[in-house]
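S.K.: quick one, fold the following:
(2 chains)
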Number of protein chains: 2
Amino acid sequence: MTDQPDDNHDTEAAFIDATYCALCARGYADLTMQDIADETDKSKAALHYHFDGKQDLLLRFLDHLNEDFLDRTADPTGETPADRLVDLLRTILDADGDDDNQFTTAFMEIKAQAPYRDGYRERLREVDDRLREQIGRLVAEGVDAGQFDADADPEVVADHVVTYVHGTWTRSAAVGADVDAMRERLVAYVDSLFAADADVSVAPGSAEEEANGGSEERETDAEGGDGSGRADDGEDEEVAA
Amino acid sequence: MTDQPDDNHDTEAAFIDATYCALCARGYADLTMQDIADETDKSKAALHYHFDGKQDLLLRFLDHLNEDFLDRTADPTGETPADRLVDLLRTILDADGDDDNQFTTAFMEIKAQAPYRDGYRERLREVDDRLREQIGRLVAEGVDAGQFDADADPEVVADHVVTYVHGTWTRSAAVGADVDAMRERLVAYVDSLFAADADVSVAPGSAEEEANGGSEERETDAEGGDGSGRADDGEDEEVAA
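M.R.: Residues are numbered from 1 along each chain as shown, chains lettered A, B, ... in the order given. Sure thing, here's the model as predicted:
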């Protein structure tokens, strides 16, 4: 409780990491401060010392997610604007490290709470706005370079892509649809925007053949977070605790 | 408690309608059986008599939603396959009657719970599968009729559209993005699939000019369910009750 500034920072970072782990393990709806403390070697009292209650913790967790997202997506790599756009989309929709879509599922719960909780919607909108601007800029650069069709409106394409990205996360969480296949569909959509005379190609992704192959089954049987620690608590008073 | 079969059916239908109203008013997370009974002139005891607890009620509510969705979308109207596809998309993404996106928001909470609750995912997947099949069939008919480009793969287009539809609902709930504008973007995407020599056009929708206009701001300031009865309950133990 008498941490120095650096210790404070380290402790708070540990609690933010613990929030991520607790969300993956338990989901958002039933999450308690104790669950988060239990993911560290620190006490619940220490958690309450560093964060002004659950709302403060969750808002700072969302700030951390935003910073991490913006860091990861700030500088997509590639020779051309189209390459950088595809690299950006593959970075955003990289399912690696999200076992059983646990975080995607928990994050969807957070999004569903946005209309009810102060500060959530503003933070989600910040990423939504930033992503649309970044994609729009890459499309505009591609049009200027003669790579994308001159009819491709950067704002229209950006809005379409961002809507599709949200849909990918939602279908993954709600029905267990395969993120890799949906991601490569989106890459194919970007590919369809290329100017007819442009000499461009997009590097194949892990699921590209599947995504472009035509007739095979699109859905995986992955059931995601079943058995991930959320009790189905039957008959108590709340319809959904 | 001594209802005749017809009365039973009417009473249960009234409780299903009440579930819809209670979800719109309060969201899913805090919903109680009492909230649902309060939307009718019947007692909570009567609700418990007709439904075997909250899980049974919610599953039958989802069954009702599926039936309603399939009824509304079974027979899209239009002269051509493309017309019928656009009519279908406008029916699905008709924001009328969902004041402040209340039901869209509540339904997103339900989707977020799908990995944790028995039977939710199966019901959501039923609609997802059915919608992809229906869209794929319309695209295939359009290709056969020479209306859609022969390169348009029905399954690929159907999967892309369904993912986008989920994204529309999610962005509406999470960041308050405008459903009408997103819907007309999707119609414009369908338009882009038309064969170059096809003599087809799509009837304009209410937001088509906006969706195709290029540079105006895409997001509305609609804040959705703020103040819709969900308390922000500050300091209690659960991070999100």
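
S.K.: quick check: which element contains whichever residue of chain A sits closest to chain B?
M.R.: In chain A, the residue that lies nearest chain B is A:Gly167 (2.9 Å; C-beta to the nearest C-beta). For the C-beta atoms, the positions are set from N, CA and C on the backbone; glycine is no exception. Assigned by DSSP states H and E, A:Gly167 falls within helix A:154-175.

S.K.: picking that back up, the residue of chain A closest to chain B: what's it in contact with?
M.R.: Neighbouring residues of A:Gly167 by C-beta atoms under 8 Å, 6 or more residues apart in numbering or on different chains: A:Met182, B:Val162, B:Thr163, B:Tyr164, B:Val165, B:His166, B:Gly167, B:Thr168, B:Thr170.

S.K.: out of those, which is nearest to A:Asp10?
M.R.: B:Thr170 (34.9 Å; C-beta to C-beta).

S.K.: what's the neighbour count on that closest one?
M.R.: Residues near B:Thr170, counting by other C-beta atoms under 10 Å in any protein chain shown, number 28.

S.K.: same thing with the one 5 residues further on?
M.R.: The criterion is other C-beta under 10 Å. On that basis, B:Val175 has 25 neighbouring residues.

S.K.: what does A:Phe51 give?
M.R.: When counting by other C-beta under 10 Å, one arrives at 21 neighbours for A:Phe51.

S.K.: and the lengthiest helix in chain A with chain B, contact?
M.R.: Using DSSP state H, we find that the single longest helix of chain A is helix A:120-144. Yes: legend: contact between helix A:120-144 and chain B by C-beta under 8 Å from any C-beta of the partner chain is shown at A:Arg121, A:Leu124, A:Arg125, A:Asp128, A:Asp129, A:Arg132.

S.K.: buried subset of those?
M.R.: Taking 16 or more other C-beta atoms under 10 Å in any protein chain shown as the criterion, what is buried in the residues of helix A:120-144 next to chain B is A:Arg121, A:Leu124, A:Arg125, A:Asp128, A:Arg132.

S.K.: ok so, going back, of all the contacts of A:Gly167, which comes closest to A:Leu89?
M.R.: Looking across these and measuring by C-beta to C-beta, the closest to A:Leu89 is A:Met182, at 10.6 Å.

S.K.: coming back round to it: can I get the helix holding A:Gly167 as PDB, trimmed to CA atoms?
M.R.: Output of helix A:154-175 as PDB, limited to C-alpha atoms (Å, rounded to 0.1, in the frame of the first residue of the first chain):
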ATOM      1  CA  PRO A 154     -12.600   5.100 -49.500                       C
ATOM      2  CA  GLU A 155     -15.200   6.000 -46.900                       C
ATOM      3  CA  VAL A 156     -17.700   3.500 -48.300                       C
ATOM      4  CA  VAL A 157     -15.100   0.700 -48.500                       C
ATOM      5  CA  ALA A 158     -13.900   1.600 -45.000                       C
ATOM      6  CA  ASP A 159     -17.400   1.500 -43.500                       C
ATOM      7  CA  HIS A 160     -18.200  -1.800 -45.200                       C
ATOM      8  CA  VAL A 161     -15.000  -3.400 -44.000                       C
ATOM      9  CA  VAL A 162     -15.400  -2.200 -40.400                       C
ATOM     10  CA  THR A 163     -19.000  -3.500 -40.300                       C
ATOM     11  CA  TYR A 164     -17.800  -6.800 -41.700                       C
ATOM     12  CA  VAL A 165     -15.000  -7.000 -39.000                       C
ATOM     13  CA  HIS A 166     -17.600  -6.600 -36.300                       C
ATOM     14  CA  GLY A 167     -19.700  -9.200 -37.900                       C
ATOM     15  CA  THR A 168     -16.800 -11.600 -37.900                       C
ATOM     16  CA  TRP A 169     -16.300 -11.200 -34.200                       C
ATOM     17  CA  THR A 170     -20.000 -11.600 -33.500                       C
ATOM     18  CA  ARG A 171     -20.500 -14.700 -35.700                       C
ATOM     19  CA  SER A 172     -17.500 -16.300 -34.100                       C
ATOM     20  CA  ALA A 173     -18.900 -15.700 -30.600                       C
ATOM     21  CA  ALA A 174     -22.500 -16.400 -31.300                       C
ATOM     22  CA  VAL A 175     -22.500 -19.300 -33.700                       C
END
